[in-house]
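Student: any chance you could fold what I've pasted below:
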Amino acid sequence: MSDATVAEIAVLAPDVVVLDICGSTAPKAPINRIRRACERTRVVAICNCESVDLAVKALDAGAAGILTVASEVTELRSAIRRAMQGDNYVEPDIAVRIFDHLRQTEKLRKEAEQMRLTLREEQVVGCLMEGMTNRQIAEKLAISEKTVKHYVGTLKGKFCAANRLEIVLHAQRLSL
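Tutor: As a prediction, the model looks like this:
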């Protein structure tokens with residue numbers, strides 16, 4: 001979004017801006033810029049039907065509404081009307097997927113929180129994710145290979161993993 005567009009929004013001070021975030025990789029930035037330029041302006045974001053992650057990011061940035069490119073005009077009117085009243089609107093077709101995404105994210109967050117790795121375990125996991133051998137990990141962390149083997153064994157237990165690959169897969173799933 002250009003500076004000129006943001007400046008125009010600030011001058012016009014509309015109640016609602018409808019913003020197409022399809023194809024955007026960072027929807028928070030334009031939404032934040034609009035909200036900073038005109039605090040009272042509410043943003044209704046339009047995204048692809050498959051873009052649940054974009055929709056969640058838009059909501060995190062403060063979007064008052066989420067529609068998809070498949071939305072009907074009546075839904076657009078409803079979203080704008082609700083936003084003007086200070087309420088929120090999420091198109092039903094994507095709402096269920098957003099809730100599923102949020103539940104899954106929360107489940108992974110809780111699982112990662114329960115996992116609580118020590119700093120050294122996190123370092124070893126990071127090295128494993130880079131494909132390092134025990135010797136390479138030992139050299140990088142300035143510990144013995146025997147200590148690395150101990151940490152790998154501890155991590156196998158914490159992740160209920162049979163091998164190093166499973167440790168890495170669990171760590172990736174939990175976004176460690």
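
Student: surely residue 20 meets residue 46?
Tutor: Yes: the criterion here is CB atoms under 8 Å, and residue 20 meets it with residue 46 at 4.9 Å. No exception for glycine: its C-beta is placed from N, CA and C like everyone else's.

Student: looking at the two, which is more packed in?
Tutor: The neighbour comparison of residue 20 against residue 46 (other CB atoms under 10 Å) goes to residue 46, with 23 against 13.

Student: now do the same for that one: helix, strand or coil?
Tutor: Classification of residue 46 by DSSP: H, G, I helix; E, B strand; the rest coil places it in strand.

Student: pLDDT below threshold where in the chain?
Tutor: Within the chain, the segments meeting pLDDT under 70 span 112-114, 176.

Student: now the longest helix seen in it: buried residues?
Tutor: When the chain is parsed with DSSP state H, its longest helix is helix 92-115. In terms of neighbour count (16 or more other CB atoms under 10 Å), helix 92-115 has its buried residues at 94, 98.

Student: quick one: the next helix-or-strand element following it to helix 92-115, angle?
Tutor: With elements assigned by DSSP states H and E, the helix or strand that comes after helix 92-115 is helix 119-129. With axes from the mean of the first three to the mean of the last three CA atoms, to 10 degrees applied, the angle from helix 119-129 to helix 92-115 works out at 120 degrees.
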